[in-house]
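> turn this into a structure:
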Amino acid sequence: MNIFSFAKTELKNLFSTPATRAYPLEPRNYPERTRGHVVIDINTCVLCGMCSRKCPADAIKVDRAAGTWSIERFGCVQCGNCVVSCPKKCLSMGQAYTEPDAQKRTDTFTKPADQMKPPVAPAAKPAAAAAAKPQKPAESAAPAAEEKKNA
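Down below sits the predicted model:
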């Protein structure tokens, strides 16, 4: 009796569509809200570094002087904190996951040189400005001190 039940299952599977998909030929369609990998629009990024400070895995590095933004793809945990904290909204989550690789890799994006702003010198502090002002001559303070001693 078991042979007939197996034959029934075999014939059913022979004439039905496959239960799996042909992976290399047919890529997977992910749901809309899938958090796959971080995507950056380097042209709108201001390299503020907020994303690197919010990253719990410390996978994002921002170098303002060199104008680069780097991410360790296999160090990223796809939490989305960097995307939420970005003030310019230049980060987004792609729907596909990072493809497997034999070695860890770091993707580095460089801001175009024509979009780089020159570094701005910090403003002078009010205390430093007051110290730079010329003080009254010491001669006028000396006679006042002598009068207090005589009194």
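> am I right that Ser52 is in a helix?
Yes. Ser52 forms part of a helix when assessed by DSSP: H, G, I helix; E, B strand; the rest coil.
> chain neighbours aside, what residue packs nearest to it?
Ile60 (4.4 Å; CB to CB, 6 or more residues apart in numbering). Yep, even glycine has a C-beta here, placed from its N, CA and C like the rest.
> and for Lys111?
Counting by CB to CB, 6+ apart, the nearest residue to Lys111 once its immediate chain neighbours are dropped is Gly67, at 4.0 Å.
> go on, Cys79?
Computed as CB to CB, 6+ apart, the closest residue to Cys79 that is not its neighbour in sequence is Pro56, at 6.3 Å.
> equivalent analysis for Arg73, please.
Nearest residue to Arg73, sequence neighbours excluded (CB to CB, 6+ apart): Thr98, at 4.6 Å.
> over to the residue nearest to Lys111: give its phi and psi.
For Gly67, the backbone dihedrals (degrees, to the nearest 10) come out as phi 70, psi 40.
> first vs last residue of stretch 84-91, how far apart are they?
End-to-end span of stretch 84-91 (CA to CA, to the nearest Å): 8 Å.
> in that stretch, which residues are buried?
86, 90-91 (16 or more other CB atoms under 10 Å).
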